[in-house]
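S.K.: With the sequence up front, the predicted model follows.
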Amino acid sequence: MDNQFDGAQLQSDLDSLGDWTVKWQMKFNVEKCKVAHYGKRSIDVEYNLYWQPLEEVSPEKDLGVVFSNDLKAT
């Protein structure tokens, strides 16, 4: 598996999603969208939506659950 290819594919998917949301007038709030990298072999890629970079977070708390990039309990 090529992590660089996977990162490029994910960015392509984000671009397609962004195009779809613009077409149907259902845009995401980019300031509320975040990226978390998980795992030891995770690549550090900057993703964007609507040509705006997505914020990278670690740890991230969602619905009372804390997610860290090393998947250890905090």
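M.R.: Here it is on my side, so go on.

S.K.: Can you name the residues that contact Asn3?
M.R.: By C-beta atoms under 8 Å, 6 or more residues apart in numbering, the residues touching Asn3 are Arg41, Ser42, Ile43. Just so you know, the C-beta spots here come from the backbone N, C-alpha and C atoms, and that holds for glycine as well.

S.K.: does Val57 really touch Lys34, like I thought?
M.R.: Yes: with contact defined as C-beta atoms under 8 Å, Val57 and Lys34 form a contacting pair (4.7 Å).

S.K.: that older thread, Serialize the contacts of Asn3 to JSON lines and add fields for secondary structure, neighbour count and distance to Ser68.
M.R.: Compiled in JSON lines, the contacts of Asn3 are given as follows (DSSP: H, G, I helix; E, B strand; the rest coil; neighbours: other C-beta atoms under 10 Å; distance: C-beta to C-beta, whole Å):
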{"residue": "Arg41", "secondary structure": "coil", "neighbour count": "7", "distance to Ser68": "16"}
{"residue": "Ser42", "secondary structure": "coil", "neighbour count": "12", "distance to Ser68": "12"}
{"residue": "Ile43", "secondary structure": "coil", "neighbour count": "11", "distance to Ser68": "18"}
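
S.K.: Give the buried residues for stretch 45-57.
M.R.: Residues of stretch 45-57 classed as buried by neighbour count (16 or more other C-beta atoms under 10 Å): Tyr47, Leu49, Leu54.

S.K.: Spatially central residue for the protein, please.
M.R.: Val35 (3.3 Å; C-alpha atoms, centre = their mean).

S.K.: pLDDT at that one, what is it?
M.R.: pLDDT, Val35: 91.

S.K.: Phe5 too?
M.R.: 88.

S.K.: ok now do Gln4, which residues does it touch?
M.R.: With C-beta under 8 Å, 6+ apart, Gln4 has these contacts: Ile43.
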